[in-house]
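>>> Take this sequence and fold it.
(chains A and B, ligands or ions: 1)
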Amino acid sequence: MIVSMDLELKDVPGQLVRALIPVSESGANIMSVIHHHDQRTPSGAIPVQVVFQLTSGQLDEIIDNLEDNEMRVVSVDKKYRLESVTLILIGHIVHSDMGDTIDQIDSTGFAEVVNVSISMPGIDKPSSASIVISASGKSELIKAVGILKRVAGQKDLLVIEPIQTDSLR
Amino acid sequence: MRTVRLSIMGFGAVGQGVARAILQKKDYLSTMDIEPIVVGISDRGGACVEAGGVDLEAAIERKQKTGSVAASDLTALDVIKDIDHDIMVDATPTNIEDGEPGYTYMLEAFRHGRHVVTSNKGPLALKYSMLCDEADKNGVKFRFEATVGGAMPILNLAQDALAGNSVMSIEGILNGTCNYILSRMTEEGLSYKHVLGEAQELGIAETDPSYDVEGIDTACKLVILANSIFGMDVTYDDVDITGITKITPESLSLAGAEGMVIKLIGEVRDGNDGIIRVAPKLVPKNHPLAVGGTLNVALLRTDMAGPICVKGKGAGSIETASAILSDIIAICKNRC
Ligand SMILES: NC(=O)c1ccc[n+]([C@@H]2O[C@H](COP(=O)([O-])OP(=O)(O)OC[C@H]3O[C@@H](n4cnc5c(N)ncnc54)[C@H](OP(=O)(O)O)[C@@H]3O)[C@@H](O)[C@H]2O)c1
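Residues are numbered from 1 along each chain as shown, chains lettered A, B, ... in the order given. Below is the predicted model:
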């Protein structure tokens, strides 16, 4: 998951470092920090925008940590998704631990399975699923699809990818 | 009028199609100053030979009545080696184990100074560079438009009509049997097995369909594209192949719900991220590659002309003969 967080920091030395410590200690990967010195709030605080990659579950902890340290978290935007793709899976999808298949994508921190529809025609018959993966960027999406293909290969599932359509104007 | 002496090796659907095309196009060819004469035809039963020109109508009739075109003691190799002619047309069966008999026929034809036009993928998928080297060494032409996409022009399109362009990638549906099966499964929601049986009944799929449905045929065509258009040096073993046998009707309807169809796509890409792969792929319904029935289609991405798409009949007797005839004419224009 990609998080974009707006903070307001007091204008005293060391504040920025103190703000970033809880983020980086959580294992998140800080992608960018924008320090808006020129856009002080009426109370004199400095707005800062931090964008980071995060594995799910730790965000609340980070926010609590920041607020305990008297930093104001103005907004948190988790819907910072850039690219997504729909794929089809065929095989014994459920019996090969669907949860694990999804976890392997979700635990990357840069990509997430956002939708799954499964069709199961009968107990001994292979199931089919369409699965939508979102990621923070194109190369992350390619990586995530690579992970899915590797996991699917281990579980003897067929992955059907879309053709490349980008260069067709 | 230039007389062009031909031999036809293999007298099945394609070989007879070539004979019919020559009969039908006699006047058309004479306007191009070309007078084709078939001096020998062979099948598994033997050969018929006539230095002044085999009677093609009689040959087709004999084949249909007796099962063989043979009317002499000569073999196919005797014809290739000993009967004087300009172009050997190879329409023998595709064999991807060792390329025979086509491979030996082609080599012998080159060594005896004969140009070769073929619809047979086997030898090209296995020994492309050896064949081209042998043709070059003997100063003769080697053309094989019919091996990829049947009637649909693709090799000559890339090499002649689009000359000057670099082709970056080609992807497409190169097997009409697979396209038919997937299209019917999509339209009717029927199982793979059911539609395969239907296709076999209609003569669209072979009794042993594995060559088509496992993606082997598409892979052979990709090898030919990769070698001839991209200048690669690959063989059948270099292709990453997944066929269509595991496709379920449910997967097709899930794809449909997303505005997509599933097609068996062959793909060759040049450069560092080079790819040569056959796999079922999701294709948006409104995309040029989303053609139905038994049609073939190819999308070429070129540096100057941009994307170019061709579609057409990938098989059929007279359709495949059309591609062979265009190669024969190209050789004649080039002075054989
Ligand atoms: N059919 C199509 O639409 C199509 C399209 C594109 C490419 N092709 C390719 O074109 C080639 C011919 O296809 P087709 O459909 O015409 O096949 P076909 O109907 O099976 O004809 C093959 C012919 O080759 C003959 N033959 C077999 N072994 C031979 C040998 N050792 N020496 C001489 N002749 C021999 C057979 O003889 P008998 O008649 O005595 O059995 C038959 O006449 C194949 O390589 C195929 O992959 C076909």
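
>>> For residue B:54, give me its contacts.
Contacts for residue B:54 (Cβ atoms under 8 Å, 6 or more residues apart in numbering or on different chains) come out as B:38-41, B:48. To be clear about C-beta, it is placed using only N, CA and C from the backbone, and glycine gets the same treatment.

>>> For chain A, which residues are neighbours of chain B?
A:86-88, A:90-91, A:117, A:119, A:121, A:125-130, A:158, A:160-165, A:167-169 (Cβ under 8 Å from any Cβ of the partner chain).

>>> Skip the chain neighbours and tell me the closest residue to residue 29.
Picking chain A for this. Take residue A:29 and drop its neighbours on the chain: the residue closest to it by Cβ to Cβ, 6 or more residues apart in numbering or on different chains is residue A:53, 4.4 Å away.

>>> You answered for a different chain; I wanted chain B.
residue B:36 is the one closest to residue B:29 (Cβ to Cβ, 6+ apart), at 6.2 Å.

>>> Would you point out which residue of chain A is nearest the ligand?
Closest residue of chain A to the ligand, Cβ to the nearest ligand atom: residue A:163 (24.2 Å).

>>> Count residues in the vicinity of that residue, would you?
For residue A:163, the count of nearby residues is 20 (other Cβ atoms under 10 Å in any protein chain shown).

>>> Residue B:42 now?
When neighbours are defined as other Cβ under 10 Å, residue B:42 has 29 of them.

>>> in the sheet, who's paired with it?
When bridges are called by DSSP bridges, residue B:42 pairs up with residue B:9, residue B:47.

>>> ok, it touching residue B:11?
Yes. Contact criterion Cβ atoms under 8 Å: residue B:42 and residue B:11 qualify, at 7.1 Å.

>>> still on that earlier bit, so what's the residue nearest to residue A:29 up against?
Residue A:53 touches A:1-3, A:28-29, A:31, A:109-110, A:136, counting by Cβ under 8 Å, 6+ apart.

>>> Among those residues, name the ones in strands.
Taking DSSP state E, the ones among these that sit in strands are A:2-3, A:29, A:31.

>>> residues from chain B in reach of the ligand?
Residues of chain B that fall close to the ligand, judged by Cβ under 6 Å from any ligand atom: B:9-15, B:42-45, B:68, B:76, B:91-94, B:101, B:119-121, B:146, B:150, B:315-316, B:320.

>>> on that earlier part again, doesn't residue B:4 make contact with the residue nearest to residue B:29?
Yes. Residue B:36 is within contact range of residue B:4, at 5.0 Å (criterion: Cβ under 8 Å).

>>> Which neighbours do these two have in common?
residue B:328.

>>> Between these two, which has more neighbouring residues?
Neighbour totals were compared for residue B:36 and residue B:4, and residue B:36 leads with 25 against 21 (other Cβ under 10 Å).

>>> related to what we said a few turns ago, mind checking which of the residues of chain A next to chain B land in strands?
A:86-88, A:90-91, A:117, A:119, A:127-130, A:158, A:160-162.

>>> Between the residues you listed, which sits nearest residue B:241?
Taking Cβ to Cβ as the measure, residue B:241 lies nearest residue A:158 of those, at 12.7 Å.

>>> I'd like to know how many residues surround the residue nearest to the closest one when sequence neighbours are not counted.
Leaving aside its sequence neighbours, residue A:158 sits nearest to residue A:90 (Cβ to Cβ, 6+ apart; 4.4 Å). Neighbour count of residue A:90, defined by other Cβ under 10 Å: 22.

>>> I'd assumed residue A:126 was in contact with residue A:90.
Yes. When contacts are counted by Cβ under 8 Å, residue A:90 is listed as touching residue A:126 (5.6 Å).

>>> Need the residues touching each of the two.
B:246, B:248.

>>> Would you map the strands across chain B?
Counting by DSSP E, one finds strands in chain B at the ranges B:2-9, B:34-43, B:46-49, B:87-90, B:115-118, B:142-143, B:167-173, B:240-241, B:260-269, B:275-284, B:295-302, B:306-313.

>>> coming back round to it: top of the contacts of residue B:54 by neighbour count?
Most neighbours among these, by other Cβ under 10 Å: residue B:41, with 33 neighbours.

>>> contacting residues for the spatially most central residue of chain B?
The residue lying closest to the centre of chain B (Cα atoms, centre = their mean) is residue B:147, at 1.9 Å. Counting by Cβ under 8 Å, 6+ apart, residue B:147 makes contact with B:118-121, B:124, B:220-221, B:224.

>>> In the stretch 201-336 of chain B, where is pLDDT below threshold?
For the stretch 201-336 of chain B, the stretches flagged by pLDDT under 70 are B:335-336.

>>> sorry, back to before: filter the contacts of residue A:53 down to the buried ones and hand me the PyMOL line.
Of the contacts of residue A:53, the buried ones can be selected in PyMOL as follows, counting by 16 or more other Cβ atoms under 10 Å in any protein chain shown:
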select buried, chain A and resi 1+2+3+28+109+110+136
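
>>> I'd like the contacts of residue A:53 as a markdown table, with distance to residue B:197 and pLDDT appended.
Output for these, formatted as a markdown table (distance: Cβ to Cβ, whole Å; pLDDT from 0 to 100):
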| residue | distance to residue B:197 | pLDDT |
| --- | --- | --- |
| A:1 | 48 | 73 |
| A:2 | 50 | 77 |
| A:3 | 54 | 85 |
| A:28 | 56 | 85 |
| A:29 | 54 | 82 |
| A:31 | 55 | 80 |
| A:109 | 48 | 81 |
| A:110 | 46 | 85 |
| A:136 | 47 | 80 |
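
>>> hang on, the earlier thing: which residue, neighbours along the chain excluded, lies closest to the residue nearest to the centre of chain B?
residue B:121 (4.7 Å).

>>> how near is that neighbour to residue B:89?
Distance, residue B:121 to residue B:89, using Cβ to Cβ, to the nearest Å: 15 Å.
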